[in-house]
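Asker: no sequence for this one, just the structure:
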């Protein structure tokens, strides 16, 4: 128990340092640029979700919650189109190494079989869950999923996700801020489990 407690405390302190950094970063004038960059790249190749910027930014600037959510949505959808383009034009050069790096290549044929029938729902589901969205954007390009279908599903899913987070934090901002800071270690571990679980879901579907 002592080892586990020490590990938890060390992880909690690390998470607290990261949280304080992002809270500080979120209040800076250039925070919107960082959010745009994270949200854009996460939709095509970056493994960390934009929530690491979105949540502290809304907590720091609740009066700009919906503006922040809008920026995250726009950046994520644009990044999704970039991922789609990787799948269409650079599959062998870029997409294959990315998919191999994350260990998804051997599952790719499974996605192809379902795509044209369930493409909109696949994109939508990945857009609102911890499922790695970049895999879906690249896969959509590889199988030439209808671009309008892809765009509509992406906008709805990403918008729902980011606006829901923004609304909850704006409405319950201070209590949620206190709760997050009090339980940061547990929440960080849970977030990490969900993130890893999303990657493993792709691998074993």
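Answerer: Structure's in. What do you need? The model shown is predicted, which means the values in this text are computed figures rather than measured ones.
Asker: buried residues in stretch 59-72, which are they?
Answerer: 59-62, 64-65, 68-69, 71-72 (16 or more other CB atoms under 10 Å). For every residue, glycine as well, the C-beta is placed using N, CA and C.
Asker: to clarify, my last question referred to stretch 30-39.
Answerer: Taking 16+ other CB under 10 Å as the criterion, stretch 30-39 shows 31-32, 34-36, 38-39 as buried.
Asker: before we move on, back to that, JSON lines for the buried residues of stretch 59-72, including pLDDT and distance to residue 91?
Answerer: Below are those laid out as JSON lines (pLDDT from 0 to 100; distance: CB to CB, whole Å):
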{"residue": "59", "pLDDT": "82", "distance to residue 91": "39"}
{"residue": "60", "pLDDT": "80", "distance to residue 91": "40"}
{"residue": "61", "pLDDT": "82", "distance to residue 91": "40"}
{"residue": "62", "pLDDT": "86", "distance to residue 91": "42"}
{"residue": "64", "pLDDT": "88", "distance to residue 91": "39"}
{"residue": "65", "pLDDT": "90", "distance to residue 91": "38"}
{"residue": "68", "pLDDT": "93", "distance to residue 91": "34"}
{"residue": "69", "pLDDT": "93", "distance to residue 91": "32"}
{"residue": "71", "pLDDT": "94", "distance to residue 91": "30"}
{"residue": "72", "pLDDT": "92", "distance to residue 91": "27"}
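Asker: in JSON lines, list the residues you listed along with distance to residue 50 and secondary structure.
Answerer: Converted to JSON lines, the buried residues of stretch 59-72 look like this (distance: CB to CB, whole Å; DSSP: H, G, I helix; E, B strand; the rest coil):
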{"residue": "59", "distance to residue 50": "14", "secondary structure": "helix"}
{"residue": "60", "distance to residue 50": "15", "secondary structure": "helix"}
{"residue": "61", "distance to residue 50": "15", "secondary structure": "coil"}
{"residue": "62", "distance to residue 50": "18", "secondary structure": "helix"}
{"residue": "64", "distance to residue 50": "15", "secondary structure": "helix"}
{"residue": "65", "distance to residue 50": "14", "secondary structure": "helix"}
{"residue": "68", "distance to residue 50": "10", "secondary structure": "helix"}
{"residue": "69", "distance to residue 50": "10", "secondary structure": "helix"}
{"residue": "71", "distance to residue 50": "10", "secondary structure": "helix"}
{"residue": "72", "distance to residue 50": "5", "secondary structure": "helix"}
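Asker: export the residues you listed to TSV and tack on distance to residue 96?
Answerer: Shown next, in TSV, are the buried residues of stretch 59-72 (distance: CB to CB, whole Å):
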residue	distance to residue 96
59	39
60	40
61	40
62	43
64	40
65	39
68	35
69	34
71	31
72	29
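Asker: out of the residues you listed, which is nearest to residue 79?
Answerer: For these, the residue nearest residue 79 by CB to CB is residue 72; the value is 10.3 Å.
Asker: would you check how far apart the closest one and residue 87 are?
Answerer: 22 Å (CB to CB, to the nearest Å).
Asker: need the helices for this structure, in chain order.
Answerer: Counting by DSSP state H, the chain has these helices, from start to end: 2-26, 31-42, 51-60, 65-89, 96-102, 108-128, 133-142, 147-171, 173-182, 184-204.
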